[in-house]
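>>> Here is a sequence with its predicted model. Questions after.
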Amino acid sequence: MAGVAATHRNLSALHRALGETLPRAVHPGAWWGWALSLAVVASLTTNPLIHLLLIAVLTLVVTARRGDSPFARALRYYVFLGVFVIAVRVVLHVLVGLKFGSVELIRLPTIDLPSWAAGIVLGGTIYLEGLLRAVAEGLRLATIIICVGAANALANPKRLLRAFPAALHDIGTALVVAVSVAPQLAESVVRVMRARRLRGDHRTGLRGLKHIAIPVLHDTLERSIHLAASMDSRGYGRRDASDPRSERVTTALTFAGLILAMLGLYGVFVTVGFSLWSWPLLAAGLALSYAGLRRAGRAVRRTAYRPDPWRAPEWLTLGCGLVAVAAILLTRRLSPEGLILPLEPLGWPALPLLTLAGLLVATVPAFLTPEPRTSRTAPRTREAFV
Amino acid sequence: MSLVELRDVTVTYGDAISGELAATPTLRDVNLGIEEGELVLVIGPTGSGKSTLLGLLGAQVPHFTGGQVDGTVLVDGRDLREHRPRDLSDIVGVVGQNPLAGFVTDTVEEELAYAMEQMGLPPAVMRKRVEETLDLLGIAELRHANLRDLSGGQQQRVAIGSVLTAHPRLLVLDEPTSALDPTGAEDVLAAISRLVHDLGVTVVVAEHRIERVIHLADSIIEVTGDGTVRHDDPARIMADAAIAPPIVHLSRLLGLDPVPLSIRDARRAMRRVPLPAHASVADRGAVLAGPSVTGPRAIEAKGLIVRYGEVTAVSDVSVRFEAGTVSVIMGRNGSGKSSLLWALQGSGVRTSGDVRTGDGTDPADLPPPERRRAVTLVPQSAGDLLYLETVDQECAQSDEESGAAPGTCAALLEQMVPGIDPQTHPRDLSEGQRLALVLAVQLTGEPPVVMLDEPTRGLDYAAKDSLRAEVRRMAAAGQCVIISTHDVEFAAGVADRVLVMAEGEIVADGPRHEILVSSPAFAPQVGKILAPAPWLTVDEVREALDG
Amino acid sequence: MAEVSTMAGRRASRRGAPAPARLVPVSARATVSILLVSAVGAASFLWPLFIAPGSTLDDVATAPLILAALLPLFLVVVLAEISRGGFDVKAIAMLGVLTAVGAVLRPLGAGTAGLETVFFLLILAGRVYGPGFGFVLGATTLLGSALLTGGVGPWLPFQIMASAWVGLGAGLLPRARGKVEVALLVAYGVLAGVLYGITMNFSFWPFIVGLDNQLSYIAGAPVLENLHRFVVYTVTTSLGWDIGRALTNGVAIVLIGPAVLSALRRIARRAAFGQVSAADRASPNHAAAGRGAPDRPAPDRTGDHDYRQ
């Protein structure tokens, strides 16, 4: 007990050192950065042990730091999807996989397909090695999917929309509108379906659909006019006057960037090995485009109410993800054999310590970021609304 | 200098495709000035250009709607034809009829901050103004609530707050209470009056139900049918305005001068007026008895219970409605009125109980097309029933659905609201016309029982009058009409019998005079003014005077 | 206002199909950026056909992941370019509500073989409101529905790209009216349904099949051979879905297409899309919308390109 108390005390001290003791949501961008870093880690290895550890890390952090929005419960669907991907891989291996290995599991009859089907051979002998490889490959993809799922669960998509760059303000607003209108739509579908029965209509299927869809669509479209008027009169779309010269600079930046980035991307695809010039070209192109975007966004003079701050916990979260990536890249340089599942000869996968350390660092956000603001931790305004 | 000034303003709309301008202007030669701190009420029949006038003040006309504006519109010295609505958000705040349709975000706080975000105010200012506005409108406890979960009155107050945070000098409200129940309307009006009296905000408000707002107004702008505008003292406008609340009609009937605009003033003025022979208590009994309410059973419920999960909407109601009568069900929002109607019709949820129509069948057992011919219900959002392209098609479809001779529905519609172009899109009709179309569609099968759920929402006085006439005609033809409404004036004019519901039970049931005269909440204006005399409507008083 | 639009609406409906409303004008700049980014998009779908063996991306897990991370960056650039100078606020509201409709429709068809219910609305809206609107709506619909239902995944950027193409194409269809228009849209709907499926298959192919079986792509092999493998993969795994999607599009457009088209056009008239500028042009001598403020960009006018250059 004393140990627990001491740990707790230490954690509080660390929180204070980070300057964050109040519950608040960590910037969604930080969570996405962290989760995508872990996805990169997953993509760099076929070692199932590392993948299982990664999934454990993701689950730990998600359970510790998700809020109470419905999205926060989304992780399990991504896990289901991951299991499905593994299953597809296994089935494909059994049916059309290139069979190899020495440990024979089961002997299936083979069927030769005609040449129009690329001369594929169905079935054949299944070996343990081949099957394990299919599972490991599937697990790698599943882990990547679960990484994205974790980002979904941790970062409230509504807050993510608020973090859209200024140049995408319009698109972001359309999405904000969509997110708030969609539930109302569902309600009006229910209402119209009820009303249909009053007219003595009980048709179902696509013909019935028309009688529901059309009134709902009319309602929705009319709502868009009201909405536009309301947004307009509340100052939506105010912007500063722009001068043609600065516009031309913006255009030049954006397009030069786009073209450079495309050349870079082309290089990445056609060069053998790690291409020294393509990646920097791609990065430089994107950077130029973004400079253009920022300039374009400057005309929109708008501020955010209760903006999500980017402070120490955000840097910490992102940093932990990047440390994990650095660790696995280093491992790849020093002892690449630890990152693959040894199949020929079959062996138990190694557990490279450096990568393990990186994964441990990746769990840090579970303890050192502020707690999310939920109905439990929010200051109460009135009992009825808790 | 006035805060708002219109000089020789004429508005003409153009065709959406060709850009040709219409032959007759919607507003013509408008000259008016609105002083700082005034509350101005805009009245006029549907389609008179009220909305256009309000739109001019927020610069939606012509920037948002198109059309051509001649003359000068100045708000706070700015010429509005040169400023788009978005550049005026710190001067003019505009609130529409349907608050939910105008919300961009989904929580109260974010919605309040929205206008300020667009103006680029610093976060600290935003926080402060949001707090102030929450308190000002009495919605502080709702700050984190989802906008969809609020009641209509709360939503409208949030909508007002969402433009107030930009600190406009002029607030333009287009029928802010027309879609609200009386309690919600009260809350909104109280908030508006606080803005005018405590903050000195100038308010221009259009309203169908003049009686709700008239006692707050400093002046009235009357938009007449031909596009001209009159701006004057409330009492002077009300002396001869084409549309007026019952209190004004009563005053005109009794020759009161000046016209009283509140119940209190009217009662005081009445002391000087000798009332006709009503006063004898002996006569009251005769008036009270009202028309006879005994007739053959049209529909009857026994032990009716409606539950949605945990919530009981209708609890153990037994009630019988006779043919040839009009019954009005009143009560708060959520008192179970709609659930009762839906359960009676047979399409809604019925947890237990028994419903029988005149011929002894249970409407819930009938297939929907036949059910519709036995008991018909016009729901609250009547437009949900329409899905075709033209009025003509809707009518033809209805004839087919109910097995009536072709042209039946169109004839019914023509009888209710003459002169609707059959090629019009149903969505382009006015509220009153659309309701008439839905009524015609639903009445085509000549159902013995007709139920209307909140039919008067958004209707102006003229449309309500024609609805009342139609309902009385149905009753005279032997149909049983059941109406749920909040509108006491309408109920007073149309009902034979009034039922009051609360918490799913019927708490009062009797002839309209018995129920409406005695109730503080449900008494119409005339009833309140003339109490204890038993008259409820101006027509009744006129009859008594003549007879 | 209602009374006037009634009039306008009636008159216009007699006249037949109006020209597309061009709710989102596409400047020359934006057209070029759409083309460039479409090229990037095409590359990120078709890379297995031409990738060099041994390049950094020759890996079934890395390549889709990196492309899924890069594609959104390109999409951001093109969307920002289209919306530069500001959309008409009516276009934003329309985008918002139609995205919501799409997001609500999408789960309805999920799970049922290929019953993809989003596309027909996207096609009709693109048809009525023009290619720019179609492109943006295609992007926002998929993004919005993913945000609402928690369906953000590595596949999302590819879906956004492909459905933006579907909307763009619908806006570029030639003019027609009445039955011919419906037939045209049905044909496009079927075609778009199949093509969308094939495009998405390209992005899933390396991801789901991996490198270790007979359906996998072979880096450096002749394009035709890889295509052959891809066709076999498509036929064996997803063609049923694609045909289902194509049929859904076709049937939905036949059944409710005309009604939806007229609803979309009616609102375009009622909301006076583009009418403001028409009124300006009709009355050069009168002070009308936007005049007298030349220092302000007026995004509610069409053709912002020449306006500001």
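Great, that's in hand.

>>> excluding its backbone neighbours, what's nearest the residue of the stretch 151-300 of chain A found nearest chain C?
Relative to chain C, the nearest point of the stretch 151-300 of chain A is A:Val177 (2.6 Å; CB to the nearest CB). Every residue, glycine included, has its C-beta placed from N, CA and C. Spatial nearest neighbour of A:Val177, chain neighbours left out: C:Gly96 (2.6 Å); criterion: CB to CB, 6 or more residues apart in numbering or on different chains.

>>> Which secondary structure element is home to the one you found?
helix C:89-109 (DSSP states H and E).

>>> Mind checking what helix or strand follows that helix in sequence?
helix C:119-129.

>>> Can you give me the buried ones in that next one?
C:119-129 (16 or more other CB atoms under 10 Å in any protein chain shown).

>>> now stretch B:460-474
Quick answer for stretch B:460-474 (16+ other CB under 10 Å): B:460-461, B:463-464, B:466-468, B:470-471, B:474.

>>> That one: how far from the chain's middle?
14 Å (CA atoms, centre = their mean, to the nearest Å).

>>> is the strand or helix carrying C:Gly193 anywhere near chain B?
Using DSSP H and E, C:Gly193 sits in helix C:178-204. No. Helix C:178-204 does not reach chain B (CB under 8 Å from any CB of the partner chain); its nearest approach is 13.6 Å.

>>> elements contacting that helix?
Secondary-structure packing of helix C:178-204 (3 or more CB pairs under 8 Å, 6 or more residues apart in numbering or on different chains; DSSP states H and E): helix C:28-50, helix C:119-129, helix C:156-172, helix C:223-237, helix C:239-270.

>>> I'd like the next helix or strand past the first one.
It stands for helix C:28-50. helix C:62-82.

>>> coming back round to it: how about the buried residues of helix C:119-129 in a markdown table, adding pLDDT and distance to chain A?
Below are the buried residues of helix C:119-129 laid out as a markdown table (pLDDT from 0 to 100; distance: CB to the nearest CB, whole Å):
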| residue | pLDDT | distance to chain A |
| --- | --- | --- |
| C:Phe119 | 86 | 15 |
| C:Phe120 | 86 | 10 |
| C:Leu121 | 90 | 9 |
| C:Leu122 | 93 | 13 |
| C:Ile123 | 94 | 14 |
| C:Leu124 | 94 | 10 |
| C:Ala125 | 95 | 10 |
| C:Gly126 | 94 | 15 |
| C:Arg127 | 93 | 15 |
| C:Val128 | 93 | 11 |
| C:Tyr129 | 92 | 11 |
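
>>> Isn't B:Val188 up against B:Ala179?
No. The criterion here is CB atoms under 8 Å, and B:Val188 misses it with B:Ala179 at 10.6 Å.

>>> Between those two, which is the more surrounded one?
Set B:Val188 next to B:Ala179 and count neighbours by other CB atoms under 10 Å in any protein chain shown: B:Val188 wins out with 26 against 18.

>>> List the buried residues in the one helix or strand the more buried one maps to.
Assigned by DSSP H and E, B:Val188 belongs to helix B:182-194. Applying a neighbour-count criterion of 16+ other CB under 10 Å, one finds B:182, B:184-185, B:187-189, B:191-192 buried in helix B:182-194.

>>> Do you have the helices of the stretch 101-250 of chain B handy? List them.
B:108-119, B:123-136, B:152-164, B:182-194, B:210-213, B:234-240, B:246-254 (DSSP state H, counting those that start in this stretch).
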